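Peer 1: here are the coordinates; sequence isn't available:
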């Protein structure tokens, strides 16, 4: 079965998409006794990889169709410390998409207590891996992405989308 057939036959991911529950690994704890900032990105990336599988753009897609995605821009906010032993789960909202880009917003929450630890807003681009350049998604994948984006548009928007970094005005 090709990735195109497999993706077409899969149910759409929920709105928002929910990752599997992840555990903080001991080597990710820094000298401040909390999760080092780099590993928030590791967990966000693992969650996106899970959603990409649901969209049909995971590793098999790259192997069979020579397409992949690259992150073009990322804005992470660290809101509350996560520590060793804390289970986490990430929700992903597909905020928008066009022929070559995906705009996502992720929330990392404590999996059992529900509080928000961090967010990540991303712009991802589709890449033709043979040319190593941006390229439109194939029509079947584009249709699946559009269906997910439409479903996610109906979900309540989380706080923090579109934030920028700036010093407060005086």
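Peer 2: Good, I have the coordinates. This is a predicted model, so every value here is computed, not measured.

Peer 1: all contacts plus neighbour counts: C-alpha atoms, from now on.
Peer 2: OK.

Peer 1: what residues are up against the nearest residue to residue 33 once chain neighbours are set aside?
Peer 2: Leaving aside its chain neighbours, residue 33 sits nearest to residue 83 (7.1 Å; criterion: C-alpha to C-alpha, 6 or more residues apart in numbering). The contact partners of residue 83, by C-alpha atoms under 8 Å, 6 or more residues apart in numbering, come to 24, 29, 33, 34, 35.

Peer 1: can you pull the buried residues of stretch 130-145?
Peer 2: 134, 135, 136, 137, 141, 142, 144, 145 (16 or more other C-alpha atoms under 10 Å).

Peer 1: what helix or strand is the residue positioned nearest the centre of the chain on?
Peer 2: With distances taken as C-alpha atoms, centre = their mean, the residue of the chain nearest its centroid is residue 48 (3.3 Å). Here residue 48 sits within helix 37-55, counting by DSSP states H and E.

Peer 1: next helix or strand past that helix?
Peer 2: helix 59-65.

Peer 1: and that following helix, which residues are buried?
Peer 2: Neighbour-count burial for helix 59-65 [16+ other C-alpha under 10 Å]: 59, 60, 61, 62, 65.

Peer 1: Pipe those residues into JSON lines and attach distance to residue 118 and pLDDT per row.
Peer 2: Formatted as JSON lines, the buried residues of helix 59-65 follow (distance: C-alpha to C-alpha, whole Å; pLDDT from 0 to 100):
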{"residue": "59", "distance to residue 118": "27", "pLDDT": "96"}
{"residue": "60", "distance to residue 118": "30", "pLDDT": "96"}
{"residue": "61", "distance to residue 118": "29", "pLDDT": "97"}
{"residue": "62", "distance to residue 118": "29", "pLDDT": "96"}
{"residue": "65", "distance to residue 118": "34", "pLDDT": "97"}
